[in-house]
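1. Following is a predicted model, sequence given first.
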Amino acid sequence: MKILGNVIRYGDNVDTDVIIPARYLNSSDPKELASHCMEDLDKTFVTRVKKGDIMVGGQNFGCGSSREHAPIAIKESGISCVVAKSFARIFYRNAINTGLPIVEFSGEIEEGDQLEIDFEKGVLKNVTRKTEGTFPPFPTFLQKIIEAGGLFKAMETLA
Amino acid sequence: MHMTMSQKILAAHAGRKSVTAGELIMADLDLVLGNDITAPVAINEYRKAGACGVFDCQKIALVMDHFTPNKDIKAAEQTKQVREFADEKKIPNFFDVGDVGIEHVLLPEKGLVVTGDLVIGADSHTCTYGALGAFSTGVGSTDMAVGMAYGKAWFKVPTAMKFNLHGKLSKWVSGKDVILHIIGKIGVDGALYKSMEFAGDGVASLTMDDRLCICNMAIEAGAKNGIFPVDESTLRFVAEHSKRKPVVYSADADAEYDSVMDIDLSEVHSTVAFPHLPSNTRTFDQMPETRIDQVVIGSCTNGRLSDLQVAAKILKGHKVHHRVRTLIIPATQKIYLEAMKQGLLEIFINAGCAVSTPTCGPCLGGHMGILAKGERALSTTNRNFVGRMGHPESEVYLSSPEVAAASALTGVITDPATL
Ligand code: SF4
């Protein structure tokens, strides 16, 4: 899989409370969740995000609560992939289990940059800055979950 | 075999003699937990996948604690969905208004978690049960759904950080100060993907409530789990609450740790986390005068009986500051009742506090104590992220119940030792 998209960038420790504030967790409807995505950190996100955009964060992306509403809201908002220097562990497994592509990458990326990500080769190209770097592929076990289209489907072979 | 305590529990539940750090394994679960926010998403996933059976109806716990008593129509729809699911699957451990408590206080109290268990919960503070010598960790709703159907979950075997505790805590200092002190030192991702294993001769001096509070906030350092060695206090606690037999695991003498940190408990001081990260900690010698509008004493971190007892001791015979709305939220019905019998509720009400039925409520900015723009709360909860208790421009400070109660009296964040 290969994707091309523009960057919306945030800093370190983006927590799930800002990705989707708890006051909206009285719904599990993806569309409704997406309509409040990032609201407490960036009110403009929902109006400016375009389908295929790539969200970039720093260290410990997705820390805090275990709410799967967070990757659901991000995915439904049109974001095609989240790139961060590191991910909080529950967010990491939620992303894999629900099929939101994520990449651990620490190279330089700025707001508005265009990125091309090749998941098979593990290569991230910053088209705007004409730089490129690699990221480690997922272990086979996790690859199987991703390929099956989520954890539930993968359980037939994994359990 | 060089295994940590956490690794041993994982190995046993994966049917293996040993596991090594970094390995991905499938393991059998003793309990799967969900609440009124995460279970609806799990049930949606479960239904979407066409699942119909549950692996063991006794080993699923559904706790309606976050937005209950239902705060609005949507919240009511969510608990209704879970209630119907529990009925359909004949899940006895469904806890609703009237017998519900905050999940991480409720499950040990009901004896649903015992020493040696492997537990997942679709709630990040599931790591609390490490205090009982169990491996427990927070996961997402899809994990919960798969856990309910198959009784299994995948784990990346973690490495561990060891925290050697020595000595005894001083007066007015408790488990909350220990964990805030540690998070302040290692940061909110200081233990990312790792186990935090506590050890040392200082463990014996910590009450079970202290240990539960410490493990509760392991996630605030990014940890996968926090865990305490099993001693007499643990076994007594488990025997008092459950008929199930504990299985005791301990770390190998030659277990490998990523790091070892020594902590002299007598050197830990009352600690407050300033906005907007639990790692932004200060002790009173470095604290500016900070006025507060609200105090919250409750949550899965500090809503236990001993927390209420110490708060009552400080508030007894006094009135809270006229500007400070003080909310006391016993974490479970049993604690509520016990607080009533011991006269604590009377002390709180006479002091001008509001006492609430068990609920997560303000801890996650759900209901029952939301902050306006620019307001400040001092809270015994575990997170002070932007907007956590209400308006994105409000502020949350985290502390022990000792500091919270003292501050309710003065209206500024106050060291209980100076009262
Ligand atoms: S009390 Fe707060 S942290 Fe604990 S389970 Fe409830 S919302 Fe989560």
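-> Okay, I see it.

2. mind listing the helices for the chain?
-> Going with chain A. In chain order, chain A shows helices spanning A:16-19, A:30-34, A:45-48, A:69-76, A:89-98, A:140-148, A:151-158, with DSSP state H as the criterion.

3. try chain B instead
-> If you assign secondary structure with DSSP H, the helices in chain B sit at B:5-13, B:38-48, B:73-88, B:103-109, B:141-150, B:175-186, B:208-216, B:232-241, B:299-302, B:305-315, B:333-341, B:344-350, B:401-410.

4. and the ligand, which of those is closest to it?
-> The ligand lies closest to helix B:299-302 among the helices of chain B, at 3.3 Å (Cβ to the nearest ligand atom). (C-beta placed from N, C-alpha, C; glycine too.)

5. Output the closest one as PDB - backbone C-alpha positions only.
-> Once non-C-alpha atoms are left out, helix B:299-302 reads as follows in PDB (Å, rounded to 0.1, in the frame of the first residue of the first chain):
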ATOM      1  CA  SER B 299     -12.200   8.500  41.400                       C
ATOM      2  CA  CYS B 300     -10.500   5.200  40.800                       C
ATOM      3  CA  THR B 301      -7.300   6.700  42.100                       C
ATOM      4  CA  ASN B 302      -8.500   8.100  45.400                       C
END
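
6. Make sure B:L344 is actually in contact with B:V310.
-> No - in terms of Cβ atoms under 8 Å, B:L344 does not count as a neighbour of B:V310; the distance is 10.1 Å.

7. So between the two, which is more surrounded?
-> Applying other Cβ atoms under 10 Å in any protein chain shown to B:L344 and B:V310 shows that B:L344 carries more neighbours, namely 24 against 21.

8. Now do the same contact list for the closest residue to that one other than its chain neighbours.
-> Sequence neighbours aside, B:A312 is the residue nearest to B:L344 in space, at 4.3 Å (criterion: Cβ to Cβ, 6 or more residues apart in numbering or on different chains). Counting by Cβ atoms under 8 Å, 6 or more residues apart in numbering or on different chains, B:A312 makes contact with B:A339, B:Q342, B:G343, B:L344, B:I347, B:F348, B:A405.

9. interface residues of the stretch 301-419 of chain B facing the ligand?
-> With the criterion set to Cβ under 6 Å from any ligand atom, the stretch 301-419 of chain B comes near the ligand through B:C360, B:C363, B:L364, B:T381, B:N382.

10. So the nearest residue to B:N382 once chain neighbours are set aside versus A:V46, what's the distance?
-> Spatial nearest neighbour of B:N382, excluding adjacent residues (Cβ to Cβ, 6+ apart): B:T301 at 4.5 Å. Counting by Cβ to Cβ, to the nearest Å, the gap between B:T301 and A:V46 amounts to 32 Å.

11. cool, and B:A61?
-> 35 Å.

12. tally of neighbours for B:M161?
-> Using other Cβ under 10 Å, B:M161 has 23 neighbouring residues.

13. So it versus B:S6, what's the distance?
-> Between B:M161 and B:S6 the computed distance is 11 Å (Cβ to Cβ).

14. Touching both of the two, which residues are there?
-> Where contact means Cβ under 8 Å, 6+ apart, the residues bridging B:M161 and B:S6 through contact with each are B:S195, B:E197.

15. closest point of chain A to the ligand, which residue?
-> The minimum distance from chain A to the ligand, using Cβ to the nearest ligand atom, falls at A:S65 (6.9 Å).

16. Kindly tell me how buried that residue is, as a neighbour count.
-> By the criterion of other Cβ under 10 Å, A:S65 has 29 neighbours.

17. which non-adjacent residue is nearest it?
-> A:T16 (4.7 Å).

18. any residues touching the lengthiest strand in chain A, and which ones?
-> When chain A is scanned for its longest strand (criterion: DSSP state E), the result is strand A:2-9. Contacts of strand A:2-9 with the rest of the structure, by Cβ under 8 Å, 6+ apart, involve A:45, A:48-50, A:52-57, A:79-81, A:101, A:109-120, A:127.

19. my read: B:T414 touches B:S407, true?
-> Yes - look at B:T414 against B:S407 with Cβ under 8 Å: they come within range, at 4.6 Å.

20. Give the residues shared as contacts by those two.
-> Taking Cβ under 8 Å, 6+ apart as the contact definition, B:T414 and B:S407 share no neighbouring residue.

21. residues of the longest strand of chain A that come out buried?
-> Of the residues in strand A:2-9, those scored as buried under the neighbour-count criterion (16 or more other Cβ atoms under 10 Å in any protein chain shown) are A:G5, A:N6, A:V7, A:I8.

22. Output the below-cut-off pLDDT ranges for the stretch 1-150 of chain B.
-> Low-confidence segments of the stretch 1-150 of chain B, defined by pLDDT under 70, are located at B:1.
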